[in-house]
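Enquirer: what's the 3D shape of this:
(one chain, ligands or ions: 1)
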Amino acid sequence: MSRAVGKKTDSNIRQNVGDHRVKIPPLTVSFSDEVADPSQAVVSFKFGNGQRKNVRFSSNGTPLRRSGDALFCLGLLPAVELGAELIVKSAVDPQLLANAEKIQKLICSWNPNSRPVAIQADTESRSYPSGRCRGVFYSGGIDSSYSLATEIDRLEKIVTIIGANSSRPDSPSSERLRQTAIGVSQRFGLDPIIIETDIRDVSDRLIGWVEYHGALLSAVRHLLSDEIEEQLIAASGDENSYLRPWGSHPLLDPLFGTSGAKILHHGLVARAAKFERLLDAPVLLQHLQVCDRSEAGSCGRCDKCTFVLFALDVFQVRDVPSVFAGHRPDRRRINISGPSSESDWLSLRDAALQRNRRADLVEAIEKAASKHQINWAWKHALHIYTLHKAYKQFKRRRRYLADSRGPEGQTGP
Ligand SMILES: [Zn+2]
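Expert: Got it, this is the predicted structure:
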């Protein structure tokens with residue numbers, strides 16, 4: 001059965017790109033038939049009548065289900081970002097396709113420059129093997145470590161994605177994450193699934209990682225749907241997350257799941273409370289990996305490292321994880337960049353107050369929060385965030401148009 005979601009009108013297939021109203025060619029996602037190994041899958045992104053970019057997914061042995069549900073998750077948000085019709089070349093679960101309207105409505109409510117797009121996809125009801133289990137995405141950070149620690153008795157699989165952050169799969173930090181996932185799995189008697197991908201080589205041209213990362217997790221979740229019935233995505237904030245546009249969101253993540261392949265956005269808990277929970281799970285605390293800047297494991301200077309260094313101090317952790325042992329917390333590096341980080345730091349301030357610890361830290365956090373609130377108010381009044389987002393979206397659409405041209409300059413399929 002063929003089904004299209006969204007009304008295909010001039011208003012949603014023609015978007016403003018600069019001063020011109022131009023037709024945005026469709027984005028087509030499909031699986032390549034070239035790979036016979038069941039632990040590998042290659043997804044093709046075709047830009048209009050032009051370029052085709054392949055993205056590789058491979059597991060450490062677990063067969064990957066070449067499901068149109070994964071293609072749907074991979075393609076929908078880039079299509080909305082670009083204003084392009086989405087064509088999915090494998091059948092999609094009817095429930096998931098029906099969720100497209102809610103997903104697009106949410107995304108477009110966050111970005112005034114986006115409009116719902118039309119979708120072409122066949123639908124097919126799903127059946128899954130019996131005896132599937134529950135899993136959690138684990139990246140070594142505070143959030144996923146907390147979800148793992150609190151749900152350990154009801155989990156069987158740890159799913160770790162290599163290549164989702166900015167590091168290359170063969171980099172030292174990727175190898176450390178790989179070994180951490182395997183080591184933690186062994187300590188808790190869980191089965192590690194390691195997924196490697198080069199998705200960023202393609203996705204970064206189409207959409208920002210902040211907007212896209214939850215959809216990528218959801219796609220991997222569907223690739224693993226023959227193994228996992230319910231998959232946990234760790235919340236990256238507390239209850240304030242409902243108010244924040246973010247690629248992994250308590251309202252968005254479940255919509256990328258289905259009744260047969262569920263997604264649970266887990267742990268809307270203050271960051272300091274999550275960290276405190278890890279004091280009872282020293283294996284996870286010792287394996288914390290939060291830094292995106294250092295191949296050595298911790299730069300000691302970025303926002304994430306600074307938070308952990310102060311949290312170690314506030315909670316008086318004696319056995320400091322080795323990657324943080326050479327660094328000292330520096331108040332001058334406390335940077336509150338948005339409502340989520342404000343919530344994180346205020347939770348650490350409250351923890352310090354409760355323990356009568358670090359009056360200097362409490363003062364520094366409150367000073368940073370005041371500065372942030374003033375900056376935030378000004379940037380909103382001047383529409384800085386909206387203008388910045390519109391500029392990046394304009395550049396992506398212009399690049400996509402150039403990549404979509406066929407041999408004779410045609411942009412249609
Ligand atoms: Zn760092």
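Enquirer: so is the residue in the stretch 101-250 of the chain that the ion sits nearest to in a helix, a strand, or just coil?
Expert: Residue nearest to the ion within the stretch 101-250 of the chain: residue 173 (10.8 Å; Cβ to the ion). C-beta coordinates here come from the backbone N, C-alpha and C atoms, glycine included. Here residue 173 is recorded as helix under DSSP: H, G, I helix; E, B strand; the rest coil.
Enquirer: residues from the chain in reach of the ion?
Expert: By Cβ under 5 Å from the ion, the residues of the chain that approach the ion are 291, 293, 299, 302, 305.
Enquirer: so where do the helices sit in the stretch 101-250 of the chain?
Expert: Assigned by DSSP state H, counting those that start in this stretch, the helices in the stretch 101-250 of the chain fall at 142-151, 172-188, 200-206, 209-223.
Enquirer: may I see these arranged in a markdown table, with distance to residue 112 and mean pLDDT as well?
Expert: Output for those, formatted as a markdown table (distance: least, Cβ to Cβ, whole Å; pLDDT from 0 to 100):
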| stretch | distance to residue 112 | mean pLDDT |
| --- | --- | --- |
| helix 142-151 | 29 | 98 |
| helix 172-188 | 37 | 93 |
| helix 200-206 | 19 | 95 |
| helix 209-223 | 14 | 97 |
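Enquirer: is it possible to get a markdown table of the ones you listed that adds mean neighbour count?
Expert: Formatted as a markdown table, the helices of the stretch 101-250 of the chain follow (neighbours: other Cβ atoms under 10 Å):
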| stretch | mean neighbour count |
| --- | --- |
| helix 142-151 | 23 |
| helix 172-188 | 17 |
| helix 200-206 | 18 |
| helix 209-223 | 23 |
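Enquirer: can you tell which of those helices is closest to residue 135?
Expert: helix 209-223 (8.2 Å; Cβ to Cβ).
Enquirer: and that closest one, what does it pack against?
Expert: strand 52-59, helix 68-82, strand 157-162, strand 191-197, helix 200-206, strand 228-234 (3 or more Cβ pairs under 8 Å, 6 or more residues apart in numbering; DSSP states H and E).
Enquirer: just name the most buried of those.
Expert: helix 68-82 (a mean of 27; mean count of other Cβ atoms under 10 Å).
Enquirer: can you name the next helix or strand after that one?
Expert: Sequence-wise, the next helix or strand downstream of helix 68-82 (DSSP states H and E) is strand 86-88.
Enquirer: so what touches that following strand?
Expert: 26-30, 68, 71-72, 75-76, 79, 117-121, 413 (Cβ atoms under 8 Å, 6 or more residues apart in numbering).
Enquirer: adjacent strands (with direction) for that strand?
Expert: Paired with strand 86-88 in the same sheet, following DSSP bridges, are strand 27-31 (parallel), strand 119-122 (parallel).
Enquirer: returning to that earlier point: got the helices of the stretch 101-250 of the chain as JSON lines, with distance to residue 371 columns?
Expert: As requested, those are exported to JSON lines (distance: least, Cβ to Cβ, whole Å):
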{"stretch": "helix 142-151", "distance to residue 371": "24"}
{"stretch": "helix 172-188", "distance to residue 371": "31"}
{"stretch": "helix 200-206", "distance to residue 371": "31"}
{"stretch": "helix 209-223", "distance to residue 371": "22"}
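Enquirer: who wins for proximity to residue 165 among the strands paired with strand 86-88?
Expert: Nearest to residue 165, of the strands paired with strand 86-88 and by Cβ to Cβ, is strand 27-31 at 22.6 Å.
Enquirer: and that closest one, what's its mean pLDDT?
Expert: Mean pLDDT, computed over strand 27-31, is 98.
Enquirer: any idea of the angle that strand forms with helix 68-82?
Expert: On the basis of axes from the mean of the first three to the mean of the last three Cα atoms, to 10 degrees, strand 27-31 is oriented at 160 degrees to helix 68-82.
Enquirer: strand 27-31 to strand 52-59, inter-axis angle?
Expert: Counting by the same axes, to 10 degrees, strand 27-31 lies at 40 degrees to strand 52-59.
Enquirer: what is the subsequent helix or strand relative to strand 27-31?
Expert: Heading C-terminal from strand 27-31 (DSSP H and E), you reach strand 40-47.
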